[in-house]
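A.B. asks: here are the coordinates; sequence isn't available:
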């Protein structure tokens, strides 16, 4: 048996283990909610108009069938959405999820939503818009929607993030392999803070059926305004 050049005494090994555990706890503390969306749903999710045959989950992630329905300008018929309570929004709070989709129908979309009610929300969606794959950031107040920003989507898999910062809502995206976030746009905060966060699809075609994969959902604390 080879003797290590610098043997580590048992006490040092224990200290090293405790240090790593403490550092891991500090990192995890940034996540207020974390659900990898693998094998089963974590507690806290509730369905809106669950479609019993419209979802499945395994080791690869959660898949939702792309469903018809919309919230735009008074429409209130989305279905197959998952919602969970959103902690009281404070400076630097963010919600993110990885979305893998291939929308084909006009305005077919999937993504993440901060929701006060069906008339007041912001959403960040991967969407088929005028034949192009885009990331679309929408703010709706009192049933009056507005496209805040729209940028090209470079791939079918993207991480989408909404951030509350500096009295505004920011929409960001990044590829699944990148570390840096790219700003999509920002808008004034809603007069009343959203109370829940949702993930799901809108304006899907009935035929042919398409499925969207969601993974790595989290609500986390990020840097305050001006710190990045």
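C.D. replies: Cool, the structure landed. Quick caveat: nothing in here was measured; it's all calculated off a predicted structure.
A.B. asks: Leaving out chain neighbours, which residue sits closest to residue 200?
C.D. replies: Nearest residue to residue 200, sequence neighbours excluded (Cβ to Cβ, 6 or more residues apart in numbering): residue 81, at 3.4 Å. Glycine gets a C-beta too; all of them are placed from N, C-alpha and C.
A.B. asks: Same question for residue 82.
C.D. replies: residue 45 (4.9 Å).
A.B. asks: contacting residues for the residue nearest to residue 200?
C.D. replies: Residue 81 is in contact with 47, 48, 49, 113, 198, 199, 200, 201, counting by Cβ atoms under 8 Å, 6 or more residues apart in numbering.
A.B. asks: That one bridge partners, please.
C.D. replies: residue 48 (DSSP bridges).
A.B. asks: Against residue 154, how distant is it?
C.D. replies: Residue 81 is 26 Å from residue 154, where distance means Cβ to Cβ, to the nearest Å.
A.B. asks: Look at residue 96 and say how many residues are nearby.
C.D. replies: 23 (other Cβ atoms under 10 Å).
A.B. asks: same question, residue 45
C.D. replies: 17.
A.B. asks: returning to that earlier point: for the residue nearest to residue 82, list the residues it contacts.
C.D. replies: Residue 45 touches 35, 82, 83, 84, counting by Cβ under 8 Å, 6+ apart.
A.B. asks: beta partners of the first one?
C.D. replies: This means residue 35. residue 217.
A.B. asks: Confirm that residue 73 sits in a helix.
C.D. replies: Yes: counting by DSSP: H, G, I helix; E, B strand; the rest coil, residue 73 falls inside a helix.
A.B. asks: Which parts of this structure are helices?
C.D. replies: Per DSSP state H, the chain carries helices over the ranges 10-28.
A.B. asks: any low-confidence regions in it?
C.D. replies: By pLDDT under 70, the low-scoring segments of the chain are 1-29, 225-228.
A.B. asks: what do you get if the cut-off is 80, keeping everything else the same?
C.D. replies: 1-30, 223-228 (pLDDT under 80).
A.B. asks: Now do the phi/psi pair for the residue nearest to residue 78 when sequence neighbours are not counted.
C.D. replies: Nearest non-adjacent residue to residue 78, counting by Cβ to Cβ, 6+ apart: residue 69, 4.1 Å away. Main-chain torsions, residue 69, degrees, to the nearest 10: phi 110, psi 160.
A.B. asks: and residue 91, backbone torsions?
C.D. replies: Residue 91 adopts backbone torsions of phi -50, psi 120, taken as degrees, to the nearest 10.
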